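Engineer: Okay, here's the prediction I keep looking at, along with the sequence it came from:
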Amino acid sequence: MQLTETSKGKQAVIMDGYMYSLKKETKTSKNWQCTNRKCNGKLTTSFDRKVILHADTRRNHASDESKLQTHLLRQTCKRKAEEEISERPRKIIIREAGKTKTDKVSLSGVLSSRRAIWIQRRKAHPKLPSTREEALIAATQMTTRDNALIEVDYERQIVGIFDTMAIQLNKDVEDFFGDGTFKSCPKKFHQIHTVITHANGSYVPLAFFLLPDKK
């Protein structure tokens, strides 16, 4: 018996190729009903789902292996979308599909898994800015760690991110270095410039600047 959830976020279990959604629970047991509304299939399990107390197998439809495998792939991808926020949806789908019966998953199932990843990420993370002005506003609203500080220059359209603790620890250092990169710069900006210093045998980043041009 495998625990999952329905499209509406409710608990569900899969057994013998059929999926049952949670209908009612008590302190000692849980009642499940087939997700096919026209089916009479029911289950009663212990609260921890380790013991089946009663099973009504009066089903009027065959199990759909393709539908179940597609559902499992979609649910797994939704979970990984939150755990691996920076991973591309394509990589998540390929990796998780390799762990299931891929020959049972249709193309529409793969596409629905991709949509599920984006929907899940939008729930936990704000919409990406569509313009630089929106990015500047979003920067001022960001929450940071105790030792981080974000300053926004709206006139010159520059965002500065400072590590205040590192700056305080290296306030007596006289040598500072700057390095700009264009390839890894966030969208809506053209350059990310890093200010670092050399102290105690290590290079320490002090500040990062998102710049509107390559100058």
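Structural biologist: Okay, I see it.
Engineer: Show me what the host helix or strand of residue 111 is packed up against.
Structural biologist: Following DSSP states H and E, one finds residue 111 within helix 107-124. In this structure, helix 107-124 packs against helix 65-83, helix 89-97, with contacts taken as 3 or more Cβ pairs under 8 Å, 6 or more residues apart in numbering; DSSP states H and E. For the C-beta atoms, the positions are set from N, CA and C on the backbone; glycine is no exception.
Engineer: What pLDDT does the model give the closest residue in space to residue 112 that isn't next to it in sequence?
Structural biologist: Nearest in space to residue 112, with sequence neighbours left out and distances taken as Cβ to Cβ, 6 or more residues apart in numbering, is residue 74 at 5.7 Å. pLDDT for residue 74: 81.
Engineer: Quickly compare the helices and strands packed on helix 107-124 and say which is most buried.
Structural biologist: Most buried of the helices and strands packed on helix 107-124 by mean neighbour count (mean count of other Cβ atoms under 10 Å) is helix 65-83; its value is a mean of 19.
Engineer: could you say what helices and strands that helix packs with?
Structural biologist: Against helix 65-83 (3+ Cβ pairs under 8 Å, 6+ apart) you get strand 2-5, helix 89-97, helix 107-124.
Engineer: Lowest mean pLDDT among the helices and strands, pick that one out for the chain.
Structural biologist: Between all helices and strands in the chain, the lowest mean by mean pLDDT, DSSP states H and E belongs to strand 2-5, at a mean of 66.
Engineer: For residue 188, give its distance to residue 157.
Structural biologist: Separation of residue 188 from residue 157 (Cβ to Cβ, to the nearest Å) stands at 9 Å.
Engineer: hey, what's in contact with both of these two?
Structural biologist: When contacts are counted by Cβ atoms under 8 Å, 6 or more residues apart in numbering, residue 188 and residue 157 have residue 132 as shared neighbours.
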